[in-house]
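# Quick one, structure for this:
(chains A and B)
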Amino acid sequence: MNKIAAILGLTVTLAAASQAGAATLTFACDSVGQGFNECKKGADAWAKKTGNTVKLIQVPKETDQRLALYQQQLGAKSADVDVYMIDVVWPGLIGQHLADLSKTIPAAEVKAHFPAIVQNNTVNGKLIAMPWFTDAGVLYYRTDLLKKYGYKSAPKTWNELATMAQKIQAGERKKNPKFVGFVFQGKNYEGLTCDALEWISSFGGGSIVDSSGKITVNNPKAVEALRTIQGLVGTVAPAAVTTYGEEEARNVWQAGNAAFMRNWPYAYAAGQAKGSAVAGKIGVAALPAGTGGKPAATLGGWQLAVNAYSKNQKEAADLVRYLTGLQEQKRRAVQASYNPTIASLYKDKDVLKAVPFFGSLYNVFTNAVARPATVTGSKYNQVSDAFSSAVYSVLTKKSAPGPALKTLEGQLARIKGRGW
Amino acid sequence: MTTTPPRPPVKMRGLEKSRSRTAVLMLIPMLLVLAAVAGYPLLRTIYLSFTEFNFISDEAPKWIGLGNYWFTTEEGVGLGLLQTPEWWQSVWNTVKFTLLSVSLETVLGLAFALVINSNFRGKGLMRTAILVPWAIPTVVSAQMWNWMYNDSFGIISQWGQSLGFLQAGESFLSNPDTALAALVAVDVWKTTPFMALLLLAGLQTIPSDMYEAADVDGASAWTKFWRLTLPLLTPALLVALIFRTLDSLRVFDMPFIVKGNAPETMTMSIYARQELIANSQFGYGSAVSVLIFLIIMVFTAIYVTSLRVKFD
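Predicted coordinates for the structure are as follows:
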């Protein structure tokens, strides 16, 4: 018996020794836009530097579907994936399954990142993820078309956007029957939650659930916001915008078939790339404000985290440290317009040259509205699901804004139960 | 008054006895496997449906009795699945989807089966060709239809728009009133071949001398179909109907790929996935699964008893 144990032990030690120094990491990264390729470039650079191997796996495009997949893996304590790219709203949902990075990444390096995001990624005193890129909704517009129809600047309010989109759409449709005024994310998923939070917040209607946990979404300003946007669907936005996610909206825009688009900053580099019909004609501005409100952008962004059950903790943390570091964040900002999470990069000459709006919209990125993920904790996904479904029923004209928000209020109360 | 004499007990001879023992022994592994892969998950799902359990947390399932099914708070707020409108919406969607698609598939499948059962040149090729939609994986065909329905480049939307059924920038999928019908079209396209195949197999069991006799009696084609083909085809038709109805009540993949979580096309299985996987509520989601199981069982019982299907 002892002999067998000894042999087994020896084999295990040998196997471990032969792998030491050359780990193979599995990385669940991005798939939206050029995300996969950009991840690969960064991961390959690290692999070359350290002699390890990184295997990238394909993940679903939509954030809630990614979450569903990762929840299953982490709930089963699986070690299949070493490094996860996680959404800014996930720390409360899956944080307990992620490794504490404050032990491996020097505090000085962590401090260089926006404090609000570091705070967001800290769960029960553990730094469960490093900020990788931040996001906020922005308004894309066609500089050539604005000029052609006699406009000097991007719209400041939603009503202005409606008027401008209407005029441009009417003019352009004469040559191009597919042309539409405005595209955004109207499908029933997390992306619609982001868009709708912007509308409501820009009218001064709050953020669904306030920071004390009170359900605030059923208010006159939120009703007015939804009524305004409902009026856009089927007039300046195609009725089928209720089937669009980020990529569907970008496809219409990038084919030159839309005057305005709401999307994340990644769409800028993609639209400027060779072969794009809108290259050189893209303007970026803050999203419009509602009546009596001010512009609002939903805070998005992604972090890199190490699976607490990973067998390659050290290498995985080192990959995260490299990818979230200054050099790689700068490369991604310049080449693919991903917003850095390191404040100093917003003053970097090369970055500002490649993505001019990073400088002019700096306030939009740093003052973005957070989704109520922290306050609702493990129930966030249910809250977001109920919210986007209610907004979807308004956009598809199955429900009027007032009743929809009243029903939603009841639903949220049910989800809340005795407390978040 | 007559009484039936008690039947003499069947005596097993030595050889028979050992044979039946062997049979039981050989069945045991299969029964164990069945208990492990079918029985255990089912029982565990039923157990979990009486608990509150979030699989992403480390807490063990907490017993709450019928709380997932029916629960009213002190303030009178109706909680629990049976008081949740979204659940009933998804049940209604699924039933509508099932009735529409199964009836269309049966009629079309029968027509196809009658055509390819007749003798003509190239019928072998025809029988193979008709199976193509059924052979394409659902994920692929659903995505294909999704593109055909796309409002800006999809061919179906272009037809709809140029014929005036749709406005520019609209698609059959984006309109909540037509979305379910659009999904039924995809399902009919995909599954009619399966129906046709099952019915073709049934048609081929009808002996040809029956038709010859009918010809001698001077029956018209119409009479032959109603009085001969249909009654003899009934057993095959019923089996096919049960197959399709059960499949369609459980439908998940195609509507999920094409329409995602949209409330107007959410089926029972999509709702179950949403609660089980996306919201990680294993207890509540299990209750949804148990109800789906019960609904399907009721449908099967109605079929089997009212239509007197015999499975032997």
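
# Every contact and neighbour count from this point should use C-alpha atoms.
Fine.

# Tell me how far the closest residue to A:W264 other than its chain neighbours lies from chain B.
In this structure, A:W264 finds its nearest non-sequential neighbour in A:G137, 5.0 Å apart by C-alpha to C-alpha, 6 or more residues apart in numbering or on different chains. Noted for A:G137: a distance of 23 Å to chain B, by C-alpha to the nearest C-alpha, to the nearest Å.

# residue contacts, A:G137?
Going by C-alpha atoms under 8 Å, 6 or more residues apart in numbering or on different chains, A:G137 touches A:D195, A:R262, A:N263, A:W264, A:P265, A:L287, A:A297, A:T298, A:L299, A:G300.

# so what's the third one up against?
Right, the one you point to is A:N263. Per C-alpha under 8 Å, 6+ apart, neighbours of A:N263: A:G137, A:V138, A:L139, A:Y140, A:F184, A:Q185, A:E246, A:A249, A:R250.

# Then the fifth one?
Counting by C-alpha under 8 Å, 6+ apart, A:P265 touches A:D135, A:A136, A:G137, A:V138, A:S337, A:Y338, A:N339.

# Surely the first one is within a helix?
Right, A:D135. No: per DSSP: H, G, I helix; E, B strand; the rest coil, A:D135 lies outside any helix segment and is strand.

# which residues of chain B fall in strands?
B:51-52, B:62-63, B:71-72, B:78-79 (DSSP state E).

# can you put these in CSV and add mean neighbour count and distance to A:D348?
Listed next are the strands of chain B as CSV, based on neighbours: other C-alpha atoms under 10 Å in any protein chain shown; distance: least, C-alpha to C-alpha, whole Å:
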stretch, mean neighbour count, distance to A:D348
strand B:51-52, 22, 51
strand B:62-63, 14, 54
strand B:71-72, 15, 58
strand B:78-79, 17, 54
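
# Now A:K379. Nearest residue, chain neighbours left out?
Excluding its sequence neighbours, the residue lying closest to A:K379 (C-alpha to C-alpha, 6+ apart) is A:W420, at 6.9 Å.

# partner strands of the lowest-mean-pLDDT helix or strand in chain B, parallel or antiparallel?
Ranked by mean pLDDT, DSSP states H and E, the weakest helix or strand in chain B is strand B:78-79, scoring a mean of 77. Next to strand B:78-79 in the sheet, as set by DSSP bridges, lie strand B:71-72 (antiparallel).

# could you give the mean pLDDT of the strand it pairs with?
Strand B:71-72 carries an average pLDDT of 82.

# and if you look at stretch B:250-265?
94.

# is it up against chain A anywhere?
Yes: contact of stretch B:250-265 with chain A (C-alpha under 8 Å from any C-alpha of the partner chain) involves B:K259, B:G260, B:N261, B:A262, B:P263.

# Give the full set of residues in contact with whichever residue of the stretch 201-312 of chain B sits closest to chain A.
Sorted by distance to chain A under C-alpha to the nearest C-alpha, the residues of the stretch 201-312 of chain B start with B:A278, at 4.6 Å. For B:A278, the contact set (C-alpha under 8 Å, 6+ apart) comprises A:D64, A:Q65, A:L67, A:A68, A:Q71, A:N381.

# Get me the contact residues on chain A for chain B.
A:64-65, A:67-69, A:71-72, A:74-75, A:93-94, A:96, A:177-178, A:180, A:187-189, A:234, A:237-243, A:252, A:379, A:381-382, A:389, A:392, A:396, A:398, A:414.

# Generate a PyMOL selection restricted to the buried subset of the residues you listed.
Filtering the residues of chain A next to chain B down to the buried ones (16 or more other C-alpha atoms under 10 Å in any protein chain shown) takes a single PyMOL command:
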select buried, chain A and resi 64+65+67+68+69+71+72+74+75+93+94+96+178+180+187+188+189+234+237+238+239+240+241+242+243+252+379+381+382+389+392+396+414
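
# List the ones among the residues of chain A next to chain B that fall in helices.
A:64-65, A:67-69, A:71-72, A:74-75, A:93-94, A:252, A:381-382, A:389, A:392, A:414 (DSSP state H).

# about what we covered before: between the contacts of B:A278, which sits nearest B:G76?
Set against B:G76, the nearest of those by C-alpha to C-alpha is A:N381 (24.7 Å).

# Give me the distance between that closest one and B:E275.
From A:N381 across to B:E275, the span is 10 Å (C-alpha to C-alpha, to the nearest Å).

# ditto for B:N146
25 Å.

# what's the weakest-modelled helix or strand in chain A?
helix A:2-19 (a mean of 51).

# Following that one in sequence, what is the next regular element?
Using DSSP states H and E, the helix or strand that follows helix A:2-19 towards the C-terminus is strand A:24-28.

# could you give the mean pLDDT of that following strand?
Strand A:24-28 comes out at a mean pLDDT of 96.

# what does stretch A:160-170 give?
97.

# in it, what counts as buried?
A:L161, A:A162, A:M164, A:A165, A:Q166, A:I168, A:Q169, A:A170.

# For the fifth one, give me its contacts.
What that stands for is A:Q166. Applying C-alpha under 8 Å, 6+ apart, the residues near A:Q166 are A:G181, A:T235, A:V236.

# what ranges do the helices span in the stretch 251-400 of chain A?
Along the stretch 251-400 of chain A, counting by DSSP state H, counting those that start in this stretch, helices occupy A:266-272, A:313-323, A:326-336, A:349-354, A:357-360, A:362-366, A:373-376, A:380-395.

# May I see these organised as a markdown table, with mean pLDDT added?
Formatted as a markdown table, the helices of the stretch 251-400 of chain A follow (pLDDT from 0 to 100):
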| stretch | mean pLDDT |
| --- | --- |
| helix A:266-272 | 93 |
| helix A:313-323 | 96 |
| helix A:326-336 | 96 |
| helix A:349-354 | 95 |
| helix A:357-360 | 94 |
| helix A:362-366 | 92 |
| helix A:373-376 | 91 |
| helix A:380-395 | 96 |
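
# Need the winner for burial among the ones you listed.
Each of the helices of the stretch 251-400 of chain A was scored by mean neighbour count; the highest is helix A:380-395, a mean of 24, by mean count of other C-alpha atoms under 10 Å in any protein chain shown.
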